[in-house]
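Chemist: starting from these lines, generate the structure:
(one chain, ligands or ions: 2)
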Amino acid sequence: MAEAPVIDPTARVHPTALLERGVVVGARAAIWDAVHVRHDAVIGADTTIGEKTYIAYEVKIGSFVKINAQVYVCAQVTIEDGVMISAGAIFTNDTFPRALDRALARLETSDVTDETAATHVERGATIGAGAVIGPGVRIGRFAMVGMGSVVTREVPPHALVVGSPARVAGYVCACGPRLVDALAFGAATLATRWSCHRCGRTYAADAGTLRCVADPHEAVRVLDV
Ligand SMILES: CC(C)(COP(=O)(O)OP(=O)(O)OC[C@H]1O[C@@H](n2cnc3c(N)ncnc32)[C@H](O)[C@@H]1OP(=O)(O)O)[C@@H](O)C(=O)NCCC(=O)NCCS
Ligand SMILES: [Zn+2]
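Modeler: Residues are numbered from 1 along each chain as shown. Ligands and ions are numbered 1, 2, ... in the order given. Model (predicted):
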């Protein structure tokens, strides 16, 4: 018999949502109308999935994740804690997709194969509305992908990327705002510091990566910076 979904009693699942066998939904999660969660996907605690979103089979979604309406999450995508995915974002996992198999004899499988590319979205990252995430990319922690961007390459931690193809325009705070543009970041010395006007966190450049060096909210945060 098919294994029923395991839904924490504190989670809210709209009656029109379709949860397949083996799905796990964590505490206080919210799954809105007409969401489709394929078999064996995991939705973490305190996570919200907006209406008409599709989550492919065996996808792992962390805690405190916010997914807006009409997002397409394909197989082999992993989404860590605290990630924001805006409306209409699309993930992909096949670089040269075809309807038919290599013999052109039958429909190509929709199962994961050794040609399926895995994508990983690290904690705290944001994907803007309508962005398309190419197959097999890693989006670094607290990165921000601008609306409508086409991401074809790895996105460094805290990087703000925009355009098609998406390029690094600057670096952003864990709480969101832009801290420094890409040119000034490249010119930083060991002593250079940037502070966020919104949350008061302070950052330095450490071997080409933005690193938080002081966090006034360390005692209360639910996500590591
Ligand atoms: C990328 C983003 C964070 C930049 O914000 P910002 O720093 O205030 O940007 P600005 O408006 O100052 O624009 C700076 C430049 O980048 C360009 N730009 C901004 N967003 C862009 C995007 N998504 N794609 C391409 N270029 C973009 C602007 O046109 C401007 O170019 P210019 O200097 O040649 O005129 C923002 O535009 C964005 O896309 N946010 C996500 C919105 C979203 O999806 N929200 C979903 C939940 S409601
Ligand atoms: Zn901040």
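
Chemist: return the residues of this protein in contact with ligand 2.
Modeler: Within the chain, the positions near ligand 2 by C-beta under 5 Å from the ion are Cys173, Cys175, Cys196, Arg198, Cys199. (Glycine included, C-beta is placed from N, CA and C.)

Chemist: closest to ligand 1 among those?
Modeler: Nearest to ligand 1, judged by C-beta to the nearest ligand atom, of those is Cys173 at 11.7 Å.

Chemist: ok, and the closest non-adjacent residue to that closest one?
Modeler: If the residues on either side of it in the chain are set aside, Cys173 comes closest to Cys196, at 4.0 Å by C-beta to C-beta, 6 or more residues apart in numbering.

Chemist: the one you found - how many residues pack around it?
Modeler: Residue neighbour count, defined by other C-beta atoms under 10 Å, stands at 19 for Cys196.

Chemist: one more: the one 3 residues further on?
Modeler: Other residues within reach of Cys199 by the criterion other C-beta under 10 Å amount to 16.

Chemist: and the gap between it and Ile90?
Modeler: 30 Å (C-beta to C-beta, to the nearest Å).

Chemist: again, but for Val83
Modeler: Separation of Val83 from Ile90 (C-beta to C-beta): 15 Å.

Chemist: what does Tyr171 give?
Modeler: 25 Å.

Chemist: quick one, which of these two is more surrounded?
Modeler: Tyr171 (26 against 16).

Chemist: report the secondary structure element holding the more buried one.
Modeler: Using DSSP states H and E, Tyr171 sits in strand 167-172.
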